[in-house]
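Visitor: Below are the sequence and a predicted model; questions follow.
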Amino acid sequence: MSSHGIRDRVAIVGMGCTTFGEHWTRSADDLLIDAVGEAVTSAGITLDDIDAFWLGTQASGVSGLTLSRPLHLQYKPVTRLENMCATGSEALRNACYAVASGAYDVAMAVGVEKLKDSGMSGLSGTTMPGAGDDSRGEITAPANFSLLAPAYAAKYGLSEEELKDVITRIAWKNHVNGARNPRAQYRKEVPLERIRSAPIVAGMLGVFDCSGVSDGSAAAIVVRAEDAYKYTDRPIFVKALSFVAGPADGLLDPEYDFTTFPEVVASAQEAYRQAGVTDPRAEIALAEVHDCFTPTELVLMEDLGFSERGQAWKDVTSGAFDLDGSLPVNPDGGLKAFGHPIGASGLRMMFEAWLQLRGEAPPERTVRTLAEGRSLALTHNLGGGPGECVSFVSVVGNQLTD
Amino acid sequence: MAGLIAYGAYVPYHRLARTDVAAVLGTKAGKGTRAVAGYDEDTTSMAVEAARGALALDGLRPRIGQLFLATAAPAYLDKTNATAVHAALGLDEHVLAADMAGSVRSGLGALVTAARSPVPTLVVLSDLRTGLPGSADETAGGDGAAAFAFGGHRNGAPVIAELLAHDTVSDEILERWRLPGSPTSRVWEERFAEEIYVTLAGKALGAALDQAGLDIGAIDHFVVSGLHARACATVRRTAGVRPEAVTPDLTGAIGNGGTAQPGLLLADVLDRARPGETIALVVLGDGAGVLLLRTTEALTTHRGARPVAAQIAAGSAPVPYATYLSWRGLLDREPPRRPDPEPPYAPPAHRRGGWKYGFVASRCEKCGTRHLPPDRVCVSCRSVDAMTDEPMEHVRGTVATFTVDRLAHTPSPPMLVVVVDYDGGGRFRCQLTDATEADAVIGARVEMTFRRTVTASGVHNYFWKARPVRTGDTDRTEETHG
C-alpha cells in the first residue's frame, strides 16, 4: 500500500469566490450560482462543459440536488460531501482525483455555507451527539481550540500574558491582510490593544481571536494538466493533495499534550513528499492555513514545519509570517478576517493561491516571495479540534516541474 | 442483631446567605446560611452522592438487596428515580429499586422499612427545599441527602449501630401541604399543630423506650427532626432527656433539609458518637416516629466517608441570591445565542447505561490501556473486543488542560471544562463543577461527581463531572480502591 499522489497531473483553470460575510439578502443558492458563474467565466467555458461536480457543505444542504437544483444542471453527476471544516478542500481533492483517474475531462469543486441565517453565534449545524447518550457534553468551537493555549504556554514557559500577546499579534496580522482584500468579511485593521482587550469568549480567547461567522461560496474547475493551456495562460498545477482523519485519541490518551495536531503533521509530511518539498519555510511562497482561532495558527506554524517546535511564538512576534515576512501566512486575511463559511473555506484558500500565483492579487497584498523566485503555495484546512481532527494540506504551483 | 451497617451524607457545596436574601428583597435580615443544590443537582444526583459516601468501603455494594429513595422533590413522576441511583451505584439488576416519593414523611417511612427489613436495605433520603422568594421555607430550607444501609451479621457486614427499638404514630393532620406541580408548600397557623406534635412525639418515644427497656435518661444523643420548627424545639426542651444529649439541628448553617433532615442529623451524630452510646431519632410530620439505636465498636472504623461537619465547613462562599433564583428556575435569564441543548436519546442512553450512569470505562486486556468512554477497539494496540469493565467513579485525576466556555449552553455560565488525566491511566474531557475559574488550572486535582448536566425537552440528562479535591476531605474511597 502506498500513496502515489497526482503531482502535476491536474490543473486548476478557473475559480470563483463570493465575498464572505453577512449576506442577509442572498441564499445559499444565490451564493452557489455566483461562485460557479465566476469560475466558469474565468475558464472561458459554460456549465455544459463540466462533466462532474463535487459539492461541499456541512449544514446548508444535503445531496447533489443542493447544487443541481439552483443551477438546473442537466443530468450531471453531483456528489455532496462533508468533512467538517475541511469540507471545501475535500470537494477539491475528490474533483482532482476524478480527473486524474481519467474518468472525467473537466470537474468542478464547489463549497458553500450559509451560517448567518441561523441567528446563532458560531457553528449551528445540528448533528447527532457522538455517542447518542449525550455524555460528551457540548463544548463550543472556541472553547475546544482554546484548550491549546494554556497547554502551549505551560510547555514552553510562556506566561498567559505573553501568550496572549502572541495570539493577539496573529489576529492583528490577519486583519491587516484582510483590510487589503475586497472580498473579505472584515476589511479594517484593528489595533493590537483593541484585540487584546476584547470581551472574552472562551479561555484566553476574545472575540478577535475567533474566525468570522459568515456566508459564502467558492468554486474551482479542474482539468488534466496537459489540457490546462487550452483554458488559460496561467493555470495552477496541483503538486500535492494530502488528507488524513486522525484516530481521535487525543481526548483518550494522556500522551497527547495539546500543543500540536498530529493529524496536521502527518498530512503535511505526506504533502511535502508528494510535492518534493524538503524545506517548506524556504520553498513555499505563501501559505493559507486554518486559523479558525488564533492559537490554532500558532500551533500550525510548527506542525507545518514553518517553525521549530516551541519557536513559532518567536517567529510570530518577529513578523516572519506577515505579508512582507519571509513566509507570508494567510495573505488574504485567513478565516480570521476573510470569514469562515465552513464548506467554502478550503476553496477560498485555494482562491488566494490562484490569485497570488497568477499575479492577480491586488498589489497591496501581493507577496514578495513570488518575485524572489518561489512558485509554490500551500493550503491547509482542518476540521474537528485538538485531539481529534481531520487535516488537509495541498501544495500547488504555477509551473510544471521539469 | 440487625442494625445499621453503613451511612453517608451529602451536603451540597453551595451556600446562600440569608442576609443576601434580605438585602435584595428588603426584608428582615436572617442569620446564617442554607445549603443550596447546584444548578446541576437534584434529589436524584444528591442521593447518588450520599449513597456513594455510605457505600465507599469495599464489599458493601454487593450486599445491598433493595434500595429505596425517599424525597418530596422527585426529579420525575411516573418514572422511577431510584433506578437512576441504582444505575449510578452499579447495583445488581435484581436489587429492587423503588421510590418513596411525595411526602416529607417518606424519609421516616424508608428508614423504618429498611430497619425492619430482612433484606439488607439501602435507603436514601434526599430533598431540595424551595419556597417563594422571601418565604420562610426559602430561607429556612436546605438541600441535601443522607443514605443508610441496614443489614446484619448474617449479611457479613459489621453492625455499627444496633436497632434497639422503633415506633411510629400516624395522624392525619392538615399542617403542611403542597398540591402536585406547586413549587411551594402551605402551612396552617403554627400554634395549631405544636401541641399535637409534642404529644405524638411523647407517645412514640415512650413506646420505643419501653420496648428497649430503657429510661429516657439513657439517651446519649437526642435528635429531633421535622419541618415544624416550633414543635421540634419544644420536644427537645421538654422530653426529659439530659440537656447535654440534645443535638444541634444544623439549620443555621445548612437549613432544614426536609425529607433529608433526619438523615443529615443522624449522620452528623454518627460522625461523632462513641461506641456503646444510645441515639434516639425523633421525626415529626403527619405523626411521629422514633428509632432507638446503640452504637457498636465497629462504628469507629466504618464511619461515613465524608463527615457532615467537614462538608459544612467546606461549603462555598455564599452564591449571590440572583444566582440561586436562576438555578431554581425562579429567575428566567437570557439564554446564549446558541442552539438549544439536546436531550439524551433513549436507546443509546440505555445501551450505554454502564458508562453514562456508572462511569464504567474499559481497559484493554492486551495492553492495559484505559478508555473513557469505553471503546471496542483499543486506542493503543487496536485489539478488537478485548476489553474489561473499569469502574472509574472513585478514581481521581489531574487537569491536563482546561478552558472556560462563555458561549456554551449551561444553566450557570460560564461552563468550566477540563481535560482530566486519571491516576493509573485514561483521559476524559468533562465539565468542572462546584468550582470557580480559579480552580481550573493545569495540575489541579479532581474527583468525579454524579450530576444532572442539563434538562432538555423535559428529559434530565445525568452524567459525571469533575470537581476539585478540596483540602480537608477525608475520602476513604481512595484508600480502599486505590
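Guide: In hand now; what should we look at?
Visitor: Which stretches in the stretch 51-200 of chain B count as strands?
Guide: B:66-71, B:96-101, B:121-127, B:144-152, B:161-170, B:176-177, B:186-187 (DSSP state E, counting those that start in this stretch).
Visitor: scratch that, chain A is what I was asking about
Guide: Residue ranges of the strands in chain A, as given by DSSP state E, are A:10-17, A:52-56, A:78-81, A:106-114, A:200-202, A:205-206, A:215-224, A:236-245, A:284-288, A:376-385, A:388-397.
Visitor: what pairs with the residue nearest to A:Val396 when sequence neighbours are not counted across the strands?
Guide: Counting by CB to CB, 6 or more residues apart in numbering or on different chains, A:Val396 lies nearest to A:Ile236, which is 4.9 Å off, once chain neighbours are set aside. For glycine as for every other residue, the C-beta is placed from the backbone atoms N, C-alpha and C. Per DSSP bridges, the residues bridged to A:Ile236 are A:Ile12.
Visitor: Starting from A:Pro363, give me the distance back to A:Ile236.
Guide: 20 Å (CB to CB, to the nearest Å).
Visitor: and if you look at A:Arg196?
Guide: For A:Arg196 relative to A:Pro363 (CB to CB), the value is 30 Å.
Visitor: more neighbours, these two?
Guide: A:Arg196 (18 against 7; other CB atoms under 10 Å in any protein chain shown).
Visitor: residue contacts, the closest residue to B:Gly151 other than its chain neighbours?
Guide: Residue nearest to B:Gly151 in three dimensions, not counting chain neighbours: B:Pro120, with 3.5 Å by CB to CB, 6+ apart. If a contact means CB atoms under 8 Å, 6 or more residues apart in numbering or on different chains, then B:Pro120 has B:5, B:63-66, B:149-152, B:155, B:157 as its contacts.
Visitor: Output those as JSON lines; include the columns pLDDT and neighbour count.
Guide: Listed next are the contacts of B:Pro120 as JSON lines, based on pLDDT from 0 to 100; neighbours: other CB atoms under 10 Å in any protein chain shown:
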{"residue": "B:Ile5", "pLDDT": "95", "neighbour count": "29"}
{"residue": "B:Arg63", "pLDDT": "93", "neighbour count": "16"}
{"residue": "B:Ile64", "pLDDT": "96", "neighbour count": "27"}
{"residue": "B:Gly65", "pLDDT": "95", "neighbour count": "19"}
{"residue": "B:Gln66", "pLDDT": "97", "neighbour count": "20"}
{"residue": "B:Ala149", "pLDDT": "97", "neighbour count": "27"}
{"residue": "B:Phe150", "pLDDT": "96", "neighbour count": "26"}
{"residue": "B:Gly151", "pLDDT": "92", "neighbour count": "26"}
{"residue": "B:Gly152", "pLDDT": "76", "neighbour count": "18"}
{"residue": "B:Asn155", "pLDDT": "70", "neighbour count": "18"}
{"residue": "B:Ala157", "pLDDT": "84", "neighbour count": "22"}
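Visitor: with the residues you listed in mind, which one is nearest to chain A?
Guide: Taking CB to the nearest CB as the measure, chain A lies nearest B:Ile64 of these, at 25.1 Å.
Visitor: The closest one is in contact with B:His94, isn't it?
Guide: No - taking contacts as CB atoms under 8 Å, B:Ile64 lies outside contact range of B:His94: 10.8 Å.
Visitor: Would you mind measuring from A:Thr260 to B:Arg242?
Guide: 69 Å.
Visitor: Name the residue in the two with the higher neighbour count.
Guide: Taking other CB under 10 Å, A:Thr260 and B:Arg242 do not tie; A:Thr260 has more neighbours (20 against 12).
Visitor: For that one, what are phi and psi?
Guide: Backbone torsions for A:Thr260, taken as degrees, to the nearest 10, come to phi -160, psi 160.
Visitor: What's the separation between the closest residue to it other than its chain neighbours and chain B?
Guide: Leaving out its chain neighbours, the residue that sits closest to A:Thr260 by CB to CB, 6+ apart is A:Asp303, at 5.6 Å. Counting by CB to the nearest CB, to the nearest Å, the gap from A:Asp303 to chain B is 17 Å.
Visitor: Count the residues that sit near A:Asp303.
Guide: Neighbour tally, A:Asp303, other CB under 10 Å: 27.
Visitor: sorry, back to before: for the residue nearest to B:Gly151, give me the pLDDT.
Guide: As predicted, B:Pro120 sits at a pLDDT of 94.
Visitor: Please report how far it lies from chain A.
Guide: 31 Å.
Visitor: Quick one: name the residues of the stretch 251-400 of chain B near chain A.
Guide: By the rule CB under 8 Å from any CB of the partner chain, the part of the stretch 251-400 of chain B lying against chain A is B:336-339, B:341-345, B:347-349, B:352, B:355-356, B:369, B:371-373, B:375, B:379-380, B:400.
Visitor: if we go to 6 Å?
Guide: Contact residues, the stretch 251-400 of chain B versus chain A (CB under 6 Å from any CB of the partner chain): B:337-339, B:344-345, B:348-349, B:352, B:356, B:371, B:379.
Visitor: Save those residues as a markdown table, and put in secondary structure too.
Guide: Listed next are those as a markdown table, based on DSSP: H, G, I helix; E, B strand; the rest coil:
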| residue | secondary structure |
| --- | --- |
| B:Arg337 | coil |
| B:Arg338 | coil |
| B:Pro339 | coil |
| B:Pro344 | coil |
| B:Tyr345 | coil |
| B:Pro348 | helix |
| B:Ala349 | helix |
| B:Arg352 | coil |
| B:Lys356 | helix |
| B:His371 | strand |
| B:Val379 | coil |
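Visitor: Buried ones among those?
Guide: B:338-339, B:344, B:348-349, B:352, B:356, B:371, B:379 (16 or more other CB atoms under 10 Å in any protein chain shown).
Visitor: Show me chain B divided up by domain.
Guide: For chain B, automatic domain parsing gives the domain ranges B:2-327, B:346-468.
Visitor: what mean pLDDT does the shortest one have?
Guide: Right, the one you point to is domain B:346-468. Taken as a whole, domain B:346-468 has an average pLDDT of 95.
Visitor: The stretch 301-402 of chain A: helices as residue ranges?
Guide: With helices called from DSSP state H, counting those that start in this stretch, the stretch 301-402 of chain A shows them at A:312-318, A:334-338, A:342-357, A:368-371.
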